[in-house]
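S.K.: Mind looking at a prediction? Sequence and model below.
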Amino acid sequence: MYIQLVNHVLFMNVSVSRFSLFAFFIILAATVTFTPFLASAQSVNDCSFSRTLELGVDGEDVRCLQTYLNGAGFVIAESGPGSVGNETSLFRGLTEAAVIKWQQANGVVPSSGVFGPQSQAAYLLDLVMELEANQTALAPATPQSLPTPSPVVAGVSISAESEEREEATQTLEDIVNVLINAEDLIEDADAEDQIELREDLQDVRADFYEALLDYFGSDYDEVKDVVGDIYDDAVDVLEDAGGESEMGEAEDLLEDVRDLFADLEDLIEQAEDDDADVGDAPDMLDEAEDLLDDAQDAFDKRIYRQAVSDALDAEEILEDAKDEIDVVTKRDAIDDVEDAKDEYDRAEDEVSEADEDGEEVDEAEDFLNDAEREIKRAEAAIDDEDWDDASKLARKAEKLIDEAIDAIGGSDEDREDAKDAIDDAWDEYRDADDEVDEAEDDDDRGADDARELLDEAKDVLDEAEEAYDDEDYEEAMELADEAEDLIDDALDEL
């Protein structure tokens, strides 16, 4: 029965949800202790589902489902078709209603009355729990006849067998996760690729099934010998489908943190040679090294989540250690120079666009030329391994780049001219506004037309202010002149 349940999960023609399949495997692993009793367990309802059951479906699998629901207390009907002993092969409204109640009781969402992949996985879980309950009832009445379990201390393996089982369980769980992720990705793959990927996945499933049989037979040595290759094969399928495994993630992270560790070692040595303050960095480096050793040990045992966790802790300590050292690192210098080069490229594009739009860019280009020279000097400093000088030159280049952006549209003189033109236009506007107010009070016939022209002048002045803020000083001056012409026209109307 146990093997049959495993077979249902691995080879059923539906995709079981991630949580359901993982939970099912955990329950199987947790109940492995009771394997000797399963052969003598009471018979339970065992249906084999190879399709989704819903309204209108007809078949013996529906009859089996009705029998199971009636036996589980979710009665199809009190009497007649569908009642206990009178189950039918037709999936109708009464069956749907019973399925909904059963789904709600078993946490299947949505509880729609459709007996699909999630419901079928939950059904298998229920069977395993019933098997466990049955074996407990069949156990001998005298506890002395059963092996007495040894006490378990958290984090400590109590025997070689339990340690082997723990390692096997962890790797089998990892394989389950990889298989589920691969299945999800294969669903999104091209139809042509799906055929080959599914064939590869089926081969891995078959090997995994054999490993499970050894696991349930307590042959942990055999499991240990094969699960590594099975996991690698499962990862190959996952990566072929475009995914990344926990192993790949852990491996990449470990490599990055090791590189950071090596950089910090060099940095501390450099700082000590320069008599710079290194604070607690050496002690922190030792702490990070211990964590990296733990991460590598977990990786070798294929406990990838633990490897990632330890590596991230080591990385955090190394970053803190870096802050303890009063010196510019090679990585800092290279990053600063690369940032300056990126800023230069963006500014160069902006200056080119301004030039095409007819704006004044001579001063901006001069600033860019100066920035380019500083960047070249910074690169030369990196070649000379003078990280501090390289970083300073890169920051100087960025300041020049900012000046270049500010200079687009003209020189400081153009900026002042534009500001003066706008201020003068606003002064004329305020004087004209007072005159129009007086004309309106005196019922001057030209006051209405003057007010319209003055409002138009105000709008133009607002546009001039926007042009000035955008550093388009030539446009700002032209708009200020236009506003003054409108103000003159307004006064002529009075």
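M.R.: Structure received.
S.K.: quick one: pLDDT of F49?
M.R.: Note on F49: pLDDT of 78.
S.K.: Which secondary structure state does it sit in?
M.R.: With DSSP: H, G, I helix; E, B strand; the rest coil as the basis, F49 sits in coil.
S.K.: Name the nearest residue to it, sequence neighbours excluded.
M.R.: Q120 (4.8 Å; CB to CB, 6 or more residues apart in numbering). The way it works is simple: take the backbone N, C-alpha and C, and place the C-beta from them, glycine included.
S.K.: for D61, same thing?
M.R.: F49 (5.8 Å).
S.K.: tally of neighbours for the one you found?
M.R.: Using other CB atoms under 10 Å, F49 has 20 other residues around it.
S.K.: Return the distance of it relative to Q118.
M.R.: Computed as CB to CB, to the nearest Å, the F49 to Q118 distance reads 12 Å.
S.K.: any low-confidence regions in the protein?
M.R.: Low-confidence segments of the chain (pLDDT under 70): 1-46, 125, 128-162, 216-217, 245, 326, 409-413.
S.K.: Is Q170 in contact with R302, as I believe?
M.R.: Yes: if you go by CB atoms under 8 Å, Q170 and R302 touch, sitting 6.9 Å apart.
S.K.: Find the residues that touch each one of those two.
M.R.: Here Q170 and R302 have no joint contacts, going by CB atoms under 8 Å, 6 or more residues apart in numbering.
S.K.: Show me this structure divided up by domain.
M.R.: For the chain, automatic domain parsing gives the domain ranges 2-139, 160-240, 246-324, 330-407, 413-492.
S.K.: Helices of the stretch 351-494 of the chain, start to end?
M.R.: Per DSSP state H, counting those that start in this stretch, the stretch 351-494 of the chain carries helices over the ranges 362-383, 387-407, 412-441, 447-469, 473-492.
S.K.: ok, back up a step: which stretch of helix or strand covers the residue nearest to F49?
M.R.: Assigned by DSSP states H and E, Q120 belongs to helix 117-138.
S.K.: circling back: the helices of the stretch 351-494 of the chain into TSV, with extra columns for distance to D61 and mean neighbour count?
M.R.: Output for those, formatted as TSV (distance: least, CB to CB, whole Å; neighbours: other CB atoms under 10 Å):
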stretch	distance to D61	mean neighbour count
helix 362-383	71	18
helix 387-407	71	20
helix 412-441	83	16
helix 447-469	73	17
helix 473-492	78	20
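S.K.: Let me have these in JSON lines, extended by distance to Y68.
M.R.: JSON lines is the format used below for these (distance: least, CB to CB, whole Å):
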{"stretch": "helix 362-383", "distance to Y68": "72"}
{"stretch": "helix 387-407", "distance to Y68": "71"}
{"stretch": "helix 412-441", "distance to Y68": "84"}
{"stretch": "helix 447-469", "distance to Y68": "74"}
{"stretch": "helix 473-492", "distance to Y68": "80"}
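S.K.: Q194: which of those is closest?
M.R.: For Q194, the closest of those is helix 362-383, at 49.0 Å, according to CB to CB.
S.K.: mind exporting that closest one as CSV, just the C-alpha atoms?
M.R.: Taking Å, rounded to 0.1, in the frame of the first residue of the first chain, the C-alpha atoms of helix 362-383 are listed here in CSV:
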residue,chain,number,x,y,z
ASP,A,362,30.4,75.3,-25.7
GLU,A,363,30.9,75.7,-21.9
ALA,A,364,29.3,72.3,-21.2
GLU,A,365,31.7,70.6,-23.6
ASP,A,366,34.7,72.3,-22.0
PHE,A,367,33.6,70.9,-18.6
LEU,A,368,33.1,67.4,-20.2
ASN,A,369,36.6,67.6,-21.7
ASP,A,370,38.1,68.3,-18.2
ALA,A,371,36.0,65.5,-16.7
GLU,A,372,37.3,63.1,-19.4
ARG,A,373,40.9,64.0,-18.5
GLU,A,374,40.3,63.3,-14.8
ILE,A,375,38.7,59.9,-15.6
LYS,A,376,41.8,58.9,-17.6
ARG,A,377,44.0,60.0,-14.7
ALA,A,378,41.9,57.9,-12.4
GLU,A,379,42.2,54.8,-14.7
ALA,A,380,46.0,55.3,-14.6
ALA,A,381,45.9,55.4,-10.8
ILE,A,382,44.1,52.1,-10.8
ASP,A,383,46.8,50.6,-13.1
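S.K.: so that helix versus helix 387-407, what angle?
M.R.: Angle, helix 362-383 to helix 387-407, by axes from the mean of the first three to the mean of the last three CA atoms, to 10 degrees: 170 degrees.
S.K.: Give me the distance from helix 362-383 to the chain's centre.
M.R.: For helix 362-383, the distance from its own C-alpha centre to the chain's C-alpha centre is 38 Å (CA atoms, centre = their mean, to the nearest Å).
S.K.: now for it, which elements pack on it?
M.R.: If you count contacts as 3 or more CB pairs under 8 Å, 6 or more residues apart in numbering; DSSP states H and E, helix 362-383 packs onto helix 330-356, helix 387-407.
S.K.: Out of those, which is closest to D310?
M.R.: Among the helices and strands packed on helix 362-383, the nearest to D310 by CB to CB is helix 330-356 (22.6 Å).
S.K.: and V204, what element?
M.R.: Element membership of V204, judged by DSSP H and E, is helix 191-216.
S.K.: next one: that helix to chain centre, how far?
M.R.: For helix 191-216, the separation from the chain centroid amounts to 28 Å (computed by CA atoms, centre = their mean).
S.K.: what residue of the protein is the furthest out?
M.R.: Farthest-out residue of the chain from its mean C-alpha position, per CA atoms, centre = their mean: D442, at 71.8 Å.
S.K.: Distance check, that one against G71.
M.R.: Counting by CB to CB - D442 and G71 are separated by 101 Å.
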